[in-house]
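Asks: Return a 3D structure for these sequence lines:
(2 chains)
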Amino acid sequence: MVGKLMKYDFMSFFRLLLPVQLIIIGIAAINRIIQIFESSDTSAYHIAFVSSIVLLVISCLVALVMTVVIAIVRFYQGLYSKEGYLSHTLPVTPAQHILSKLLVSVIFEIGTVFSIFLALNVALGGEVALELYKAGFFLFGKAFGLYHVHVILFIIELVLGLLTQAATFLLTLYFCISIGQLANRRKILLAFGVFFGLYVAVQILLTIFIILGIALSSNPGWLDFLERIVDWASKHLIAWIHIIAWISIILNAVIGFVFFLVSKTIMTKRLNLN
Amino acid sequence: MSEILRCENLTKRFGQTIALDGLSLLVGSGKIIGLLGPNGAGKTTLIKIACGLLTPTSGNVYIEGEKPGVRSKSIVSYLPDVEHLYHWMTVEQIVLMFRDFYEDFRPDLAYEMLARLGIDRKARLKTLSKGNKEKMSLILVMSRNAKLYVLDEPIAGVDPATRDYIISTILNNYNPDSSVLISTHLISDIETVLDEVIFIKDGRTVLHGSVDWIRQQYGKSVDELFREVFAW
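Replies: This next block holds a predicted model:
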């Protein structure tokens, strides 16, 4: 059933995001065409070139923001507005609904990044892009020579880290929207309130950790423990990076899973479409 | 007669407002039942709870002996009182969507009914008139071979010709072994097709019986009795 849900979620995202992604590539193509007149070196050329670059950067940022905005809108509209009357009467579980929306959103986030990458390639042109690729492969080769298989592991960790980060961010937004639905009125306002409440809670927690750290700094045992960790990390830098990466991935996944469970529970036990 | 819908002491509160107040009822299969009551009586709330769109404050609802969930949604065909179809889809896409999700959906029947209305398969739902959107929703709901059809105010706010079309579509397409629960306050239009009626007032069942029994017992039509029971 998740596959079937994804099919229709994909359609709803596609019609909204495809134009945005085409616009980025279109602006990049315009920039490339302007570069044909580089030899003229006139002020008109410089103005046109800089304007198209600024436009390209802005459109890339807008595309990234829009992808997230559309992910939020599709989740809210599909599950908590009038469309919810259809979605929630389909013979599927709330978990399948959330999973479908999440996977499609992440796929489109990747798609937007890919479109930006493609646009930059178009704007840079064949030769410059080729030089950049060569430099990239050269650096990868050097790194591989120095750190061997760890480089590939770092790349895997980076990709996994980015994916879990993106998924957890979306699940956080789903959580806020779902909590907002518990109110009888001003549901969206409550969702915003929960989002900022979460932000404040994280800041408070970080501050507590910092204060604790400072307070413990007078404790010789704690200082000794920290010193041993720093010493070990400096001797095993690669292992340390792997550990930090996996802690970050697992922590993100756990937080995301908790938000997923809360949203699922609200849809299962506290759904109130009115 | 097997049981299709059972509500036990169902209560739903929205803040201080009580929409359902300990409502209990039992609906058997193979009947057309009118869920009748004035605006604000709790009809839509009851229907939404039965379809799993609202959670009751207390009490239970069972569809074929099970609480609302994936199984109940696969045997209940629900027509809400709002435009709920994905407006960005084409007629064909929404038919295919129903085919994908409901095993009991009959796309051929849906296409046949749509063709009779002259609705283009390639048309986007947002381009259809309000009347055609309502007919489209009804066609999708009645093209299912469901065990329980739940129709929330299907004839409210439509012209008499459309009203006739809706009633005939319901009568010609529902599965005779299943039940049809129709919520409305326009009783005279559907009285002739009803087997049973349930009167709801202030979130409680005030009367539940067959149309024949009501006529015998009270010596008046359901419409007349309704006007008497719900007189201001």
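
Asks: Let me know the next secondary structure element after the lowest-mean-pLDDT helix or strand in chain A.
Replies: When the helices and strands of chain A are scored by mean pLDDT, DSSP states H and E, helix A:220-235 comes last with a mean of 83. Past helix A:220-235, further along toward the C-terminus, the next helix or strand under DSSP states H and E is helix A:237-269.

Asks: Okay, buried residues for that next one please.
Replies: By 16 or more other C-beta atoms under 10 Å in any protein chain shown, the buried positions in helix A:237-269 come out as A:241, A:245, A:249, A:252-253, A:255-256, A:259-260, A:263-264, A:266-267. Where C-beta positions appear, they are placed from N, C-alpha and C, glycine not excepted.

Asks: now stretch B:76-85
Replies: Of the residues in stretch B:76-85, those buried (16+ other C-beta under 10 Å) are B:76-81, B:83-85.

Asks: hmm, which two among those residues are most spread apart?
Replies: Taking C-beta to C-beta as the measure, the buried residues of stretch B:76-85 span a maximum distance of 19.6 Å, between B:Val76 and B:Glu83.

Asks: List the buried residues of the least confident helix or strand of chain A.
Replies: Of the residues in helix A:220-235, none is buried under the neighbour-count criterion (16+ other C-beta under 10 Å).

Asks: just stretch B:159-166 next, same as before
Replies: Across stretch B:159-166, burial judged by 16+ other C-beta under 10 Å covers B:162-163, B:165-166.

Asks: ok, longest helix in chain A?
Replies: helix A:94-147 (DSSP state H).

Asks: Quick one: residues contacting residue 6.
Replies: With no chain named, the answer covers chain A. Under the criterion of C-beta atoms under 8 Å, 6 or more residues apart in numbering or on different chains, the contact partners of A:Met6 comprise A:100, A:103-104.

Asks: let's do chain B instead
Replies: Remark: with contacts taken as C-beta under 8 Å, 6+ apart, B:Arg6 is in contact with B:25-27, B:61-62, B:65.

Asks: wait, which of those is closest to A:Phe195?
Replies: Ranked by distance to A:Phe195 (C-beta to C-beta), these are led by B:Val61 at 33.6 Å.

Asks: residues of the strand or helix carrying the closest one that come out buried?
Replies: When elements are defined using DSSP H and E, B:Val61 is found to belong to strand B:58-63. Of all the residues in strand B:58-63, those buried under the rule 16+ other C-beta under 10 Å are B:59, B:61-63.

Asks: Now render the residues you listed as JSON lines, adding distance to chain A and pLDDT.
Replies: Formatted as JSON lines, the buried residues of strand B:58-63 follow (distance: C-beta to the nearest C-beta, whole Å; pLDDT from 0 to 100):
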{"residue": "B:Gly59", "distance to chain A": "14", "pLDDT": "94"}
{"residue": "B:Val61", "distance to chain A": "13", "pLDDT": "94"}
{"residue": "B:Tyr62", "distance to chain A": "17", "pLDDT": "94"}
{"residue": "B:Ile63", "distance to chain A": "12", "pLDDT": "93"}
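
Asks: Relative to A:Leu271, which of those is nearest.
Replies: Of all the buried residues of strand B:58-63, the one with the least separation from A:Leu271 (C-beta to C-beta) is B:Val61, at 13.4 Å.

Asks: beta partners for the closest one?
Replies: Listed beta-bridge partners, B:Val61: B:Cys7 (assigned using DSSP bridges).

Asks: Just give me the neighbour total for A:Leu158.
Replies: Summarising burial for A:Leu158: neighbours were counted as other C-beta atoms under 10 Å in any protein chain shown, giving 12.

Asks: what do you get for B:Ala41?
Replies: The local packing of B:Ala41 (other C-beta under 10 Å) involves 23 other residues.
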